[in-house]
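> Quick one: sequence plus predicted model below, questions after.
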Amino acid sequence: MNRSILRLAIPNIISNLSVPLLGAVDTALVGHLDDVAYIGALAIGSVIFNFIFWGFGFLRMGTTGLTAQEYGRRDRKEMMMILARVQLIAMGIGLTILFLQNPIALLSLWMIESTADVGKFTRIYFDIRIYTAPAVLALYGINGWFLGMQNAAYPMIVTITHNLLNIVLNLMFIYGFGMHVDGVAYGTLISTYLALVLAFALYFKKYRHYLPHFAGKDLLNTRRLREYFAVNRDIFIRTLCLIFTFSFFTAVSSTQGEIILAANTILLQYWFIVSYGIDGFAYAAESLVGRFKGGENFEKLKKSVVYTTTWGLLIGIGGTVVYGLFGSNLLYLFTDKALVISHAETVLFWTVLAPVVSAICYILDGVFIGATETGPMRNTMLISTFAVFLPSYYLLTDYIGVHGLWLAMLLFMLSRGVALGFYLPKTILNISKA
């Protein structure tokens, strides 16, 4: 079992870590420019696109779970049709986002308070990056499909190539052409479409023999679409709550001034780096739990839950140790602004605790997605967001100031893991009796 987990997890960890690496490089690039407003603009621009794109993360997650179950059943036709449907849905959503880009930008900038300079640079960034929408969503779909097919190598190749291209292009635009956040946006735009071309090239290399199983008359199969959207409705609600929490965090940071916004943005990169590492095992859980559920191998299903959870906890403990030892020193990689570093050091303690506290909820998300038991994910996220995170922030901030926001975020992660753990015995571990 460990061999199967690592075969899926290691490529996922490598590809996942390249995502926060890109965010870290982007933050470091603009963090060393002459205006601190660039960091704020990048942070707020990222929040806006998190809302736009993460909200449709079900195109990746739901596709993995459903495809893995069909893989377990060895239903080649339905495997092919899931990919076709998700690409059709992704294209429709992507084009709709482009059509609505101006009202989305105006509403987003109205909702997130910022200084005039930050707002100006954010709009520049938004107006370029918005055109990545169709490609981003299509990549969600095809990478989710690869993972459901028990193939973690292809998403790794696509993601690493995408992010390396992005970094190279960002360096070229910023240092070669003297650009700022517009250079970061153009780098993202170009690299995203090149990554999509690569993903489909890999598909045709290995999976073109699935094409004869495509059936146009089943593309809009009502029963299958209902099943797809039922699973993804819950994932969508869960993801919106997650986006809301991180966006609320950044919006509150923005109201506290450019220094605090910059420091909190840098520390969030720490959170993302470890979360993407743990998510490598969460993705492995998605693939294996879905496969064993589809193949009705419930003994291996339960074993995969125990093993992936253990691996996730070990990564979380390792992240806490590393941040405890080197967290302050790492700040200098992101910025040379003394005031930003000073504030980050005052709240670093919460970031040190984050990896070990968050590990369980990350892994259990993967378990529930793979089993397509998405109702508990929706319920726990609603509880954690509106009954834990928000009340904690408003109650704690009056007593402990800037620490209140960070403690509320930590309690949010803890409550997610506890609540999913409550559901685990009567859903996933009892699935053979369902």
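Ah, there it is. In this text the structure is predicted, and so the values were computed from the model without any measurement.

> Check which helix or strand F56 maps to.
In this structure, F56 sits in neither a helix nor a strand according to DSSP states H and E.

> need the contact list for it.
Going by CB atoms under 8 Å, 6 or more residues apart in numbering, F56 touches 90, 93, 137, 140, 236. (C-beta placed from N, C-alpha, C; glycine too.)

> Tally up the residues packed near L95, please.
Under the neighbour criterion other CB atoms under 10 Å, L95 is assigned a count of 13.

> what about A43, helix or strand, and which?
Here A43 sits within helix 37-49, counting by DSSP H and E.

> nope, T308 is what I was after
Assigned by DSSP H and E, T308 falls in helix 298-334.

> Verify the contact between L288 and I5 for me.
Yes - counting by CB atoms under 8 Å, L288 touches I5, with 6.9 Å between them.

> Pull up the overlap in contacts between these two.
Common neighbours of L288 and I5 (CB under 8 Å, 6+ apart) are 304, 308.

> Between those two, which is the more surrounded one?
L288 (29 against 21).

> what about that one, distance to V388?
L288 sits 30 Å away from V388, going by CB to CB, to the nearest Å.

> Then H180?
Counting by CB to CB - H180 and V388 are separated by 38 Å.

> Ok, L420 next?
For L420, the distance to V388 - CB to CB - is 13 Å.

> the more surrounded of those two?
Neighbours per residue, other CB under 10 Å: of L420 and V388, the larger number sits with L420, 24 against 20.

> Could I get the average pLDDT for stretch 74-87?
For stretch 74-87, mean pLDDT is 93.

> same thing with stretch 304-315?
Per-residue scores along stretch 304-315 average to 93.

> Residues contacting that stretch, please?
Residues contacting stretch 304-315 (CB under 8 Å, 6+ apart): 1-2, 4-5, 9, 274, 277-278, 281-282, 284-285, 288-289, 292, 355-356, 359-360, 362-364, 366-367, 424, 428-429.

> what's near enough to touch L6?
Counted by CB under 8 Å, 6+ apart, L6 has contacts A284.

> Is it in a helix, a strand, or coil?
The three-state assignment at L6 reads helix, by DSSP: H, G, I helix; E, B strand; the rest coil.

> mind checking pLDDT for it?
Reported pLDDT for L6: 83.

> repeat for L331
With respect to pLDDT, L331 scores 88.

> Around it, how many other residues sit close by?
21.

> same question, the one 5 residues further on
D336 has 12 neighbouring residues, counting by other CB under 10 Å.

> Could you list the low-confidence segments of this protein?
Judged against pLDDT under 70, the low-scoring parts of the chain cover residues 16-24, 31-36, 113, 431-434.

> Centroid-nearest residue for it?
W54 (6.5 Å; CA atoms, centre = their mean).

> ok, and the most crowded of the contacts of F56?
Neighbour counts for these peak at L137, which has 26 neighbours (criterion: other CB under 10 Å).

> ok, M172 - contacts?
Counted by CB under 8 Å, 6+ apart, M172 has contacts 183, 187.

> where along the stretch 101-250 of the chain do the helices fall?
For the stretch 101-250 of the chain, applying DSSP state H, counting those that start in this stretch gives helices covering 101-111, 116-129, 133-148, 153-171, 181-207, 222-255.

> Contacts for the first one, please.
Residues from elsewhere that reach helix 101-111 (CB under 8 Å, 6+ apart): 48, 51-52, 97, 119, 122-123, 126-127, 130, 251.

> what inclination does it have with respect to helix 133-148?
90 degrees (axes from the mean of the first three to the mean of the last three CA atoms, to 10 degrees).

> Pull out the buried positions in helix 101-111.
101, 104-105, 108-109 (16 or more other CB atoms under 10 Å).

> Specify which member of those is nearest to I190.
Q101 (18.3 Å; CB to CB).

> any idea how far the closest one lies from V118?
Counting by CB to CB - Q101 and V118 are separated by 20 Å.

> Would you tell me which one of the helices of the stretch 101-250 of the chain is buried the most?
Ranked by mean neighbour count, the helices of the stretch 101-250 of the chain are led by helix 133-148 with a mean of 25 (mean count of other CB atoms under 10 Å).

> sorry, back to before: okay, the helices of the stretch 101-250 of the chain in CSV with distance to A215 next?
As requested, the helices of the stretch 101-250 of the chain are exported to CSV (distance: least, CB to CB, whole Å):
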stretch, distance to A215
helix 101-111, 35
helix 116-129, 36
helix 133-148, 17
helix 153-171, 24
helix 181-207, 16
helix 222-255, 11
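
> right, and those - which one's nearest D26?
Closest of the helices of the stretch 101-250 of the chain to D26 is helix 181-207, at 5.3 Å (criterion: CB to CB).

> which strands and helices sit next to that closest one?
With contacts defined as 3 or more CB pairs under 8 Å, 6 or more residues apart in numbering; DSSP states H and E, helix 181-207 has these neighbours: helix 2-31, helix 37-49, helix 116-129, helix 133-148, helix 153-171.

> Look at the residue nearest to G366 when sequence neighbours are not counted and say how many residues are nearby.
Nearest non-adjacent residue to G366, counting by CB to CB, 6 or more residues apart in numbering: A282, 3.1 Å away. A282 is flanked by 28 other residues according to other CB under 10 Å.

> gap between A282 and P391?
Using CB to CB, A282 is found at 27 Å from P391.

> And G318, by the same measure?
From G318 over to P391 (counting by CB to CB), the distance is 32 Å.

> Of those two, which one has the most company?
G318 (16 against 12).

> which non-adjacent residue is nearest L396?
Nearest to L396 is G404, by CB to CB, 6+ apart, at 3.6 Å.

> The one you found: neighbouring residues, count only.
18.

> Where does it sit, in terms of helix or strand?
Per DSSP H and E: helix 403-423 holds G404.

> buried set for that helix?
So for helix 403-423, counting by 16+ other CB under 10 Å, buried means 404-417, 419-420, 423.

> How about stretch 361-376?
361-376.

> that older thread, any idea how far G370 is from the residue nearest to G366?
Distance, A282 to G370, by CB to CB: 9 Å.

> before we move on, the earlier item: measure the residue nearest to G366 to G312 for me?
Counting by CB to CB, the gap from A282 to G312 is 7 Å.

> ok so, going back, list the residues that contact the residue nearest to G366.
308, 312, 362-363, 365-367 are the contacts of A282 under CB under 8 Å, 6+ apart.

> if you set the cut-off to 7 Å instead, what comes out?
Residues near A282 by CB atoms under 7 Å, 6 or more residues apart in numbering: 312, 362-363, 365-366.
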